[in-house]
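> task: produce atomic coordinates for the following.
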Amino acid sequence: MKKRDILLGALTVSAAAAGAFIASRQRKRSVVGSQDQADLLTATASLRKKNEQLESLYTVFSEVTESLEIRYVIASTLRETIKLMRADMAVLRKVVGDELVSIGAQASNGQEIQNIRPVGIGEGPTGRVFESGRNVRVSRRSGKDLS
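Okay, the predicted model is just below:
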């Protein structure tokens, strides 16, 4: 290395060490009880979900850096939100005065949705969530009146 070069990181993998690590993990796996295995499955599912979320964010940010055309960025954001949330549709809004105005809406089949009406800040579920600054999870089975 030259004096002006900076070492940012190093990764060394020994085939023997990797083999020993894998063998030790396999031995530990055979000892794991049913509760530990259930915990491991739960943790694995959680990690897969987190990985899916990170992949979606990465996709959006990659597309944003490739093309800064706003319509494309909005469409990518809506598409990835629908995919990540397993939603039927998504609406992206911006604040204009005292209203939340749609700047993009998309159905899960990729079709753009037109004529989404503005929502007053503090009105309906969307306006109230914006006003409070806290997200709300709505269950299909909740039976609550959200109007």
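
> tell me the buried residues in the helix ranked longest in the chain?
Scanning the chain for the helix with the most residues, using DSSP state H, yields helix 34-66. For helix 34-66, the neighbour count (16 or more other C-beta atoms under 10 Å) marks Ser56, Thr59, Val60, Glu63 as buried. (Glycine included, C-beta is placed from N, CA and C.)

> could you do stretch 118-127 as well?
Applying 16+ other C-beta under 10 Å to stretch 118-127 flags Val119, Glu123, Thr126, Gly127 as buried.

> so where do the helices sit in the protein?
15-31, 34-66, 70-85, 124-132.

> how about the last one as PDB, C-alpha atoms only?
Extracted C-alpha coordinates of helix 124-132, given in PDB (Å, rounded to 0.1, in the frame of the first residue of the first chain):
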ATOM      1  CA  GLY A 124     -61.000  10.800   7.600                       C
ATOM      2  CA  PRO A 125     -58.400   8.200   8.400                       C
ATOM      3  CA  THR A 126     -55.800   9.600   6.100                       C
ATOM      4  CA  GLY A 127     -56.200  13.200   7.200                       C
ATOM      5  CA  ARG A 128     -56.200  12.200  10.900                       C
ATOM      6  CA  VAL A 129     -53.000  10.000  10.500                       C
ATOM      7  CA  PHE A 130     -51.200  12.900   8.800                       C
ATOM      8  CA  GLU A 131     -52.400  15.400  11.500                       C
ATOM      9  CA  SER A 132     -51.300  13.100  14.400                       C
END
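
> got a list of contacts for that helix?
Residues from elsewhere that reach helix 124-132 (C-beta atoms under 8 Å, 6 or more residues apart in numbering): 91, 93, 95, 100, 119-122, 135-136, 138, 146-147.

> one step back: save the helices of the chain as TSV, and put in distance to Asn115 too.
Output for the helices of the chain, formatted as TSV (distance: least, C-beta to C-beta, whole Å):
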stretch	distance to Asn115
helix 15-31	56
helix 34-66	25
helix 70-85	16
helix 124-132	16
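
> farthest pair within the buried residues of stretch 118-127?
Glu123 and Thr126 (8.1 Å; C-beta to C-beta).

> my read: Arg93 touches Ala105, true?
No - taking contacts as C-beta atoms under 8 Å, Arg93 lies outside contact range of Ala105: 9.0 Å.

> picking that back up, worst mean pLDDT among the helices of the chain?
If those are sorted by mean pLDDT, helix 15-31 sits at the bottom with a mean of 60.
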